[in-house]
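Engineer: Got a predicted structure here, sequence first:
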Amino acid sequence: MSETTLLQVEELKQYFPIGKNRVVKAVDGISFSIRRGETFGLVGESGCGKSTTGRSVLGITKPTSGRILYDGEDIASFTKAQRMKFKKSAQMIFQDPYACLDPRMTISSIIKEGMEVHFRYSKKEADDRVRDLLDKVGLTEDYASRFPHELSGGQRQRIGIARALAVEPEFIVCDEPIAALDVSIQAQVVNLLMKVQEERGHAYLFISHDLSMVRHISDYIGVMYLGSLVETAVRDEIYSHPLHPYTKALFSAIPKPDPDMNWAKTRIHLEGEVPSPINTPEGCKFCARCPHATEQCRRETPQLRDMGAGHRVACHRIEEL
Amino acid sequence: MENKNLKDEQFRIVGCDDVEGERLGRPQTTYWKDAWRRLRQNHLAMFAMVLLLVIIFLTIFGPAISGYSYEKMSADMNQTPSLKHWFGTDSLGRDLFARVWAGGRVSIIIGVVGAVITTVIGCIYGSISAFAGGRTDSVMMRIVEIISSIPYLIVVILLSLMLDDSGIGSILLALCIVGWCPTARLVRGQILQLANAEYVTAAKTLGVSNWKIITRHMLPNTMSVVIVNLTFRIPGYIFSESFLSYVGLGIKTPDTSWGMLAAGAQGSMFFYPYQLLFPALMIGLTMLSFTLFGDGLRDALDPKLRR
Amino acid sequence: MKKYVLKRILYMLFVLLVVTTITYFLMHCIPGDPLTALVQKLPEQTKANYYAKYGLDKPVWEQFLLFLKGIFTEGTLGESIRYPGRQVLDVLKKYSVSSGQIGVTAVAIGFLLGIMLGVVSALKRNKLPDKLISLIAILGVSIPVFVVASVLQFVFTVKIPILPTMGWGSPKHMVLPILCMSLSPLATYTRYMRSSVLDVVNQDYITMAEAKGMSFGMIVRRHILRNSILPSLTILGPNVADVFCGSFIIESIFSIPGLGGYYITAVTDRDFPMIIGSTMFYTGIYILALLIVDILYVVIDPRIRLSETK
Amino acid sequence: PAMAEESAQVLKTYRTNEPATLDRVAPTIDESGKYILHDASEPMVRIEEGKTVEAGCESYEYDEATMTYTFHLRDNKWEDGEPVTAADYLYSLQRMVDPNTAYGYVSDLYCIENAEAINAGEMEVSELGATAPDDKTLVVKLNDVTPAFLQVVPLYPQRQAFVEECGDAYGIDADKFLSCGPFRVTEWEHNSYIKMVKNENYWDAANVKLEEINVAFTNDSNTLYSSMLNGTLDYMETSSPEYIEQFESMDDMVVQDHVTPTLGFMVFNCEDPVMSNVKVRQAISLAINRELFVEVIYNNLSYPAYGLLSSANSLNGVSFRDKVEEPLKAFAEEHPDPKELLVEGLTELGMDPDPSKLEITVSSGSTTASSNNAMAVFQQCLQETLGVTMVPDQTEWASFWNDCKAGDFQIGYLAWSGEVDISFLFNLFLSDSAQMPCFYYTPEFDEIVNKANKSTDDEERFSLYGEAEKLVIVDQCQLAPVYYSVNRSVLRSKVKGWDYNVFSTAGRKGVYIEE
Amino acid sequence: MSRLLEVENLRVYFNTYAGQVKAVRGVSFGVEKGETLAMVGESGCGKSVTAKALMRLFERTSGEILPESKITFDGVDVMSLDKKALHAFRGTQIGMIFQDPMTSLDPTMSVGKQVGECLMIHEGIPMKEAVQRAVELLRMVEIPNPEERVKAYPHQLSGGMRQRIVIATALACHPKLLIADEPTTALDVTIQAQVLDLLRDLKERLGTAIILVTHDLGIVADFADRIQVMYAGMIVEEGTKQEIFKECDHPYTWALLRSIPAEGASKKQLYSLKGTPPDLLLDQKGCPFASRCEYCMPVCREYQPDFTQKSGTHRVACWLQHEKAPRVERPVGAGGEIR
Ligand SMILES: Nc1ncnc2c1ncn2[C@@H]1O[C@H](COP(=O)(O)OP(=O)(O)OP(=O)(O)O)[C@@H](O)[C@H]1O
Ligand SMILES: Nc1ncnc2c1ncn2[C@@H]1O[C@H](COP(=O)(O)OP(=O)(O)OP(=O)(O)O)[C@@H](O)[C@H]1O
Ligand SMILES: [Mg+2]
Ligand SMILES: [Mg+2]
């Protein structure tokens, strides 16, 4: 890949054993890459393995198989020093703003934690930096001395963001960073994320359900379904020409802030049972709910195929549709 | 609202240049500072602290206050408490007030220092074990099992051979040698519960060293149990000290301790109950103050109980 | 799970072997042997015969191997030296029953009652019931057990003579010892429970349970207990093991035929086979209790995976 | 009513610890075991009120010329109805000298022909100088004059077949023991109690009134106290004056004192650099204020000891102490200031004669509260009288005794219980005994004691033992006697026929409950 | 017809060391039977607290519902219910979907049991049966493989699944009013649509009223009947869906609507409000929004505005509505036109 590639994921698989002989195939062989300064939006059904992907990419969970190259180096073979460097440059904003903050630390200590590891700030510098960060995420310095349980969900999420930004990373996995925020703060946070990206050339893996926000911020978009990537493309391409049946259904379900629109009528209703990631069958994973499924779909697992201009889709019947 | 009184000039858009708005300057604190502040506000805990300080004060100056030597025998044997002998005298005619406080020196030091040492060791060991997990955990836990299974009596007899003097140091060593094991298991159990917490993952992602994760995140979150454990160790050690004298590691006459005073008064407890009462009372009061203080500390350390 | 338990049992045997080995050599390091403890003057020949009879004339490692051989080939732990003719295994079998009866009942009472009191104490935090319960707990551990035992004995056998003073044989004989022995566990569990319940009641899932319309009693039973019992469970394991071997004082006050006495006197008498036997017994119970507790951990809190405790 | 009367004949007594065994010849036989055996077995003779009384035998004679005892047995039966034969007595004697048995006090039996050689493994057990010519006759041949033979040698029957059947387990349980005494052991709950009931097969069953004896095992003084108050026990021993005061005020209790042959003393390690000097030892011995000690520690329930033997020891009814002055008393008068002696001693040793620079350690194998107090008293005495610093060193018994035997001590404080025969405590200090770890032996002392042991003339024995006593306590000062122990017992007054004599082996045969 | 829920002057204060956090400051509103009321507003403005207050869920916390607050549900005075009645009330009359699915589930209990609990208590059926019913409920909220998943523990489920478990729990006893505190934030749009369909279905079939707390104006636009905009513990504007989206009059509502990313206008800075909401510890003298309001007037800092009734359903608390105030154009993007 080009030298600007920051992160490359190759055939990543993450299985969780549950009980006897059964595994949850949370992530089942996905590949993608993110270039410097670029945002890769990851969308998909809840439970399809987005967070798991994000976690594997940062080495929080050890992948079952597959390789993750960061800056051309396999993160599995990092030396200690490299790993520290990686931890500084790759950060995560956690999905659950409640669980990810230590209930016994004040906000300022939470934010300072990462700084203490990677920088040598004096106390004053650190305090200034905390104030700065709080300001960046739209909170006042008063919050520095509060405890997480005293904050609302959105406020906590912003603390999570501030914590990640504190170590000045160049790559951030944003696991639904805006889900818990109200629109005005969503806008603030997205603006913030975009601003730091512009300033410092951050790369993001942006996981979200808010498709309009994903559209707003991402350069590339990947659509996941049950542990696999079913479609990836440049943002505008995918929004204007979604090819995979699931992607189509997904995009049609985006609610519009328009009280006159009868959204329930326009969206594509998916029939059928949502299959579970436990011991998924062979074949296309979407076939159970796909209106176009054929025998072939049930038998063979479709591979991602380039449909031109970097638009890749995993569907057997893509040409026909 | 008196809309009538509103002047026109008040309806002039000025916008929000001072977006900061009003705010209350909350004091900048850290977890520990805040905890300390809340602890100070807890009257019961402060009372406990004062009580403890009084006890400590008396263990230092008590023997002198009484006007009697704690080791000097006299003809006034088995006296009931009176103006002359505030706590009465023992079967050798020694003044119990002086003896109780002299004994308190040993007991307080052993109880408190012993409890603190074992708790610290136990915390460190237990958290390392739980945090490391896997094989390390397994090996570390087996070691705990082995250490706590070897008969204590044999260990202390051997120890008493190796340590010539039987000063407080040796007693502490004897108490601590296995005393940390239960704490280690307790802490490990607590930390296993926390190991999957998202905030620990977050800290790991930040590259926070394991040591810091343990001390910053895990231990404070196990503190409430650790505090209870600590308060229970104190009377435990006070009694254990008198057991150690069984193998020759205890305090030597004429020095004494609360445990020894209580044990010594056992035989005639129905006749001279006060000989037992005072040392037992002191153990109880020490325990009480530590419990109250521990409760206060526990509340102070739990930001959710912040009021 | 099965695999895990098997693995743990293997570990258990390993620990047992290590403890046995260490104890075996340590006990030969302590000064004195069964004869010194007896204070007798014996002619050389008699002494030699005596040592030979118990294999004490051989080097320690050889004795140890013979001891192991005895276990594996004959399933015996040897014969007590201080009490000739008493097979260590028989003594353990017989007296662990009485020790166990009292001890386990006492711990069970202490545990159950302690948990109840602890919950009440936490829910009525800083109110009168909490204070009363805490006071009981403090008394429970800061009054020496021999005092409690003697006072109870005096009250219930002299002042209100409804119970036997000492001895063994009927359920009545067990009442006082159990009472005395349950006091310290009661206090301990009460305090641990109070503390961990306080940690749990502020959790969101308790609010959620309230929103479901559960009465608080039910919430306690269904949610609070499970989430707060782990620390108490952690100390329950060793506690059970201790009551088999650690109730020396109570046993001697109430003349109960139990193991506690043997456990102590075996060491002071330098009764080597008995020392090693009771140590093995203690270790066995101790590790078994730990294993059960570890399994309970997983049953109670599914977040703790057995693989982590591996 | 007959039933009620019967069940009233129950004696409830106790021992502080349970017998290790009821096998009289086992190495582990202890005082508790002997106590039970007095009731559950039938020795050849018993000692009642200081006199030897025929028990297992109808009569016996001693032939001075051949030094032979001949015992004629009664028609006694084992509890299972089999007769007790002379072979049973012989068997236990043989077992005792058998080196494989490792009987502890086997040296007491060396007066029997070939016993020593057998015990040394040089001869067969069958060659012992004792025979059973028929079922009713036991003949024991001595190799030397032994006046104390009947007091010292335990002659208890043991049925060979039964003992062999039980093997090592003989005497460790109710069903592993065969009674032939006035009572038989029916229940033995270890560490809890032994229950004995009247043995109907006993030859003198008609004169045994008690139906049942319960012996509880406990050593907790509060338990004893409560038990006496509520009738769980009929008898207890104590030294605490509070108990005595209370029981004395009760109508249904009888309080009695009796001196025991137990001596509390300090033994000096004469090989220790400081203690090697006799004057130092004497100074320390004199420095102890025995009156104070007895008052504070035992509430005057013991006597200060200035000699080796207490008034409990007597020869044919004459108390040793009546005949021989306690040697230390005179010595103390000669040396009113023991400090001088100490300084002299220290100077002889070439040490700094300033006593305040001297630190001596007193070790003890007891860690009880009263032992702590004893140490405190010694500390005070030595400090005040001699100006030396005393360090107490208390450990559990086995460690202490091991140290003593290894000579790893300066002064040991312990108590030793004498036997009925007055030679017992002297024999401890014989050079071939090596039992008392003072590491100081003189042929002179051995000579005197051996001579006294063999003498049949009471007057001569008294004076020889007196000489020996002075030697060991004053001249050589191997030990510093501290107190003679006294038992003070409380007995329910309805219990009659109690034999208070410590040396009595009568057992509870004659005890009965008065309605 | 009286309203199903009538809240008057609801005040919830938290006692913290720094003083009282006045999280909800005199909120009055009502919900009709079968109606959906959406509550929107800045995060931290007291939406969740208001929701919890309706069930009096502050008994064991530092929170306190002031006595002057009045909550009437279906003719019942909620504030005066005794313990027993309150327990019977919760779950059956009002059900609640909690905002945070991870901490709202007991980590030590299988989700099936947690869902079934509600049935067990209120319908008195045994646990086994309740779990059977839970399977149905899980199927209803589109959890794949519900027979298996009832045995799962919360930590084994993805965020979205946990959220659906919480929803299933709230629905178990068919409450008359469902408070949904951000029920779909963790869900992807297809599932979100399904969940909303489910709620809609519930509303239609059983006439369940719903209070929907959400940040997603898209959902609000689709789902709600009426909308209530909160800011700093107070309601600033209230009206029907049409009124709020098309004719809103409060600067804060404008700001909300303007913040929505426009289709196709990517990677541009979005409109966002500056500053932060006021500290809830402080007493508010003027309008709570004054410090961030582009149209702030001196009067705004002095006095709290009263509600101006714009129509039967639409009211707004803003000084701009005062006759003396200058007329202000609704800014571009803040309703009126659709992008
Ligand atoms: N520790 C685990 N043990 C077992 N299964 C797990 C574990 N963690 C995740 N899973 C499973 O893996 C799958 C993917 O989970 P993941 O959290 O990555 O989903 P997600 O895409 O982030 O969903 P959401 O958008 O709802 O957060 C889910 O089916 C979940 O149940
Ligand atoms: N237990 C508490 N102690 C102190 N303050 C609290 C407590 N709970 C909530 N608050 C405060 O009350 C205010 C309202 O909180 P609430 O949870 O209702 O916000 P919200 O509107 O639901 O926000 P979000 O949309 O982010 O969930 C917040 O400022 C919060 O800090
Ligand atoms: Mg996720
Ligand atoms: Mg909320």
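Structural biologist: Great, that's in hand. Ligands and ions are numbered 1, 2, ... in the order given.
Engineer: use CA for all of it now, contacts and neighbours both
Structural biologist: Fine.
Engineer: which residues does the residue nearest to residue C:189 when sequence neighbours are not counted contact?
Structural biologist: What sits nearest to residue C:189 in space, not counting adjacent residues and going by CA to CA, 6 or more residues apart in numbering or on different chains, is residue C:114, at 4.8 Å. Neighbouring residues of residue C:114 by CA atoms under 8 Å, 6 or more residues apart in numbering or on different chains: C:185-191, C:193.
Engineer: from those residues, which two are the most distant?
Structural biologist: Using CA to CA, the contacts of residue C:114 span at most 11.7 Å, a distance reached by C:185 and C:193.
Engineer: Give me the more crowded residue out of those two.
Structural biologist: residue C:193 (31 against 26; other CA atoms under 10 Å in any protein chain shown).
Engineer: element containing the more buried one, please.
Structural biologist: helix C:171-201 (DSSP states H and E).
Engineer: Residues touching the following helix or strand past that helix, excluding its own?
Structural biologist: Remark: after helix C:171-201, the chain's next helix or strand is helix C:204-211, criterion DSSP H and E. If you take CA under 8 Å, 6+ apart as the criterion, helix C:204-211 is touched by C:200, C:216, C:219, C:223-224, E:55, E:57, E:87, E:90-91, E:95-96, E:98, E:103-106.
Engineer: Tally up the residues packed near residue 150, please.
Structural biologist: All of this is about chain A. A total of 18 residues lie near residue A:150 under the criterion other CA under 10 Å.
Engineer: My question was about chain E, not that one.
Structural biologist: Residue E:150, neighbours per other CA under 10 Å, totals 22.
Engineer: check contacts around it.
Structural biologist: Contacts of residue E:150 by CA under 8 Å, 6+ apart are E:110-113, E:131, E:134-135, E:138.
Engineer: repeat that for 10 Å
Structural biologist: E:110-116, E:131-132, E:134-135, E:138, E:143, E:165 (CA atoms under 10 Å, 6 or more residues apart in numbering or on different chains).
Engineer: can you check residue E:7 too?
Structural biologist: E:26-31, E:50, E:54, E:69-73, E:78.
Engineer: Try it again at 7 Å.
Structural biologist: E:28-30, E:70-72 (CA atoms under 7 Å, 6 or more residues apart in numbering or on different chains).
Engineer: Also residue B:214?
Structural biologist: Taking CA under 7 Å, 6+ apart, we find residue B:214 in contact with residue B:127.
Engineer: Low-confidence regions, the stretch 201-307 of chain B specifically.
Structural biologist: For the stretch 201-307 of chain B, the stretches flagged by pLDDT under 70 are B:304-307.
Engineer: Repeat that for chain A.
Structural biologist: A:1-3, A:19-21, A:180, A:261-265, A:271-276, A:279, A:321.
Engineer: could you redo the last one with a cut-off of 90?
Structural biologist: A:1-12, A:14-33, A:35-38, A:43-52, A:54-170, A:174-203, A:208-220, A:224-230, A:233-321 (pLDDT under 90).
Engineer: Show me which residues of it sit near chain B.
Structural biologist: A:84, A:87-88, A:91, A:99-102, A:104-106, A:109, A:114, A:117, A:142, A:144-145, A:147, A:149 (CA under 7 Å from any CA of the partner chain).
Engineer: Out of the contacts of residue E:7, which comes closest to residue C:174?
Structural biologist: Nearest to residue C:174 among those, with distances taken as CA to CA, is residue E:71, at 58.1 Å.
Engineer: what about residue E:286, neighbour count?
Structural biologist: As a burial measure, residue E:286 scores 16 neighbours (other CA under 10 Å).
Engineer: any idea how far it lies from chain C?
Structural biologist: As judged by CA to the nearest CA, to the nearest Å, residue E:286 and chain C stand 34 Å apart.
Engineer: Over to residue A:155?
Structural biologist: The value you get for residue A:155 to chain C, if CA to the nearest CA is used, is 17 Å.
Engineer: which parts of chain D sit against chain C?
Structural biologist: D:20-21, D:28, D:99-100, D:102, D:104-105, D:119-121, D:168-170, D:172, D:189-193, D:217-218, D:220, D:222-223, D:226-227, D:229-230, D:232, D:396, D:398-399, D:401-402, D:435.
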